[in-house]
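# For reference, the sequence and a predicted model appear below.
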Amino acid sequence: MKQLFRLARQFFLRRLIQQTTVDLHFDDDVMIIAPHPDDEVLGCGGLIAQASRKGVNVEVIILTGGGASHDNCCGISQEEVKRERRNLTKEALKTLGLNSNKITFLDWEDGKLPLSDHPDFDTRVDELAALLARLKPANIFCPHPFEGWSDHVAAQEITREAIKRSNVKTTFYYYCVWFWLSMPLRKSLMCDWKNAVALDISDVYVQKQKAIKEYMGPCAPCGNPWSGVLPEELMKAFEWEKELFFRVI
């Protein structure tokens with residue numbers, strides 16, 4: 001029953017999106033900020049592939065190593081998980097047309113990204129702000145604040161503040177991962193739908209699906225994917241030939 005409810009929510013959101021969104025167009029450089037290795041492909045894989053195909057510069061910033069994905073699964077060390085997930089990131093993004101020199105791994109601690117009231121928040125903000133000031137991205141994408149998952153919410157708070165401190169002139173967007181599974185339907189009415197944009201990824205859909213498989217296919221010795229076991233109904237959300245973004249005003 002819970003799975004059916006989650007799938008019904010996705011159907012409802014897609015219908016709402018079709019009625020409210022406009023198409024996304026971009027011609028300038030792009031930065032994707034991902035809390036964990038795989039979020040950038042799940043939420044923005046089509047965007048990355050299209051930008052790379054057009055010759056648009058793309059930078060991907062991975063905040064954590066994703067080492068906690070097997071903490072409640074088996075005895076494998078976080079260092080081994082991080083090493084394997086980093087290799088998967090490079091392969092998946094290569095499939096989308098991105099060279100490994102365009103990926104920055106900050107290796108912050110998985111599951112413990114600081115929210116704005118945490119004492120480590122300013123340190124992380126300053127680190128990301130320095131990166132933004134150096135790279136000067138014209139467009140920045142980070143997870144939606146309604147994602148629910150703590151690291152995703154923290155990534156959004158860190159990114160917003162880092163943009164302010166870096167004084168970089170950029171267009172800022174939210175992308176969606178756990179949004180499709182965790183956001184209460186009542187909150188969907190609170191979304192800024194007038195600033196929602198949808199990207200048609202039908203021309204790079206096969207590339208995105210291949211990149212997802214390169215993350216989810218290889219398994220640790222326990223038999224589970226290195227990225228951890230993600231709910232089936234969540235993965236269904238990424239079979240859509242569009243990606244949803246919200247422009248932040």
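Structure's in. What do you need?

# part of a strand, is residue 235?
No: secondary structure of residue 235 (DSSP: H, G, I helix; E, B strand; the rest coil): helix, not part of a strand.

# List the residues that contact it.
212, 216 (CB atoms under 8 Å, 6 or more residues apart in numbering). Placement of C-beta: from N, CA and C, glycine included.

# which residues of this structure score low on pLDDT?
Along the chain, segments meeting pLDDT under 70 span 1-23, 185.

# need the strands for it, in chain order.
Counting by DSSP state E, the chain has strands at residues 22-23, 30-34, 58-64, 103-108, 139-143, 171-175, 196-200, 242-247.

# Redo the ones you listed as a markdown table? Include distance to residue 124 and mean neighbour count.
Putting the strands of the chain into a markdown table (distance: least, CB to CB, whole Å; neighbours: other CB atoms under 10 Å) gives the following:
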| stretch | distance to residue 124 | mean neighbour count |
| --- | --- | --- |
| strand 22-23 | 33 | 10 |
| strand 30-34 | 12 | 26 |
| strand 58-64 | 8 | 24 |
| strand 103-108 | 7 | 18 |
| strand 139-143 | 13 | 26 |
| strand 171-175 | 18 | 21 |
| strand 196-200 | 28 | 18 |
| strand 242-247 | 23 | 21 |
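
# export the ones you listed to a markdown table and tack on distance to residue 227?
Shown next, in a markdown table, are these (distance: least, CB to CB, whole Å):
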| stretch | distance to residue 227 |
| --- | --- |
| strand 22-23 | 30 |
| strand 30-34 | 12 |
| strand 58-64 | 12 |
| strand 103-108 | 15 |
| strand 139-143 | 16 |
| strand 171-175 | 17 |
| strand 196-200 | 23 |
| strand 242-247 | 19 |
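
# Run a quick check on residue 142 versus residue 39, I expect a contact.
No: Residue 142 is beyond contact range of residue 39, at 9.5 Å (criterion: CB atoms under 8 Å).

# show me what contacts the closest residue to residue 26 other than its chain neighbours?
Distances taken as CB to CB, 6 or more residues apart in numbering put residue 139 closest to residue 26, at 5.9 Å, once the chain neighbours are dropped. The contact partners of residue 139, by CB under 8 Å, 6+ apart, come to 26, 28, 29, 30, 31, 170, 171, 172, 173.

# Repeat that for residue 159.
Counted by CB under 8 Å, 6+ apart, residue 159 has contacts 33, 128, 140, 142, 172.

# I'd like those residues written out as JSON lines, with distance to residue 161 added.
Formatted as JSON lines, the contacts of residue 159 follow (distance: CB to CB, whole Å):
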{"residue": "33", "distance to residue 161": "12"}
{"residue": "128", "distance to residue 161": "9"}
{"residue": "140", "distance to residue 161": "12"}
{"residue": "142", "distance to residue 161": "11"}
{"residue": "172", "distance to residue 161": "12"}
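
# between the residues you listed, which is nearest residue 243?
Proximity of the contacts of residue 159 to residue 243 was ranked by CB to CB; the top entry is residue 142 with 14.0 Å.

# The closest one: what's it in contact with?
Applying CB under 8 Å, 6+ apart, the residues near residue 142 are 32, 33, 155, 156, 159, 160, 172, 173, 174, 175.

# Good, we can wrap up now.
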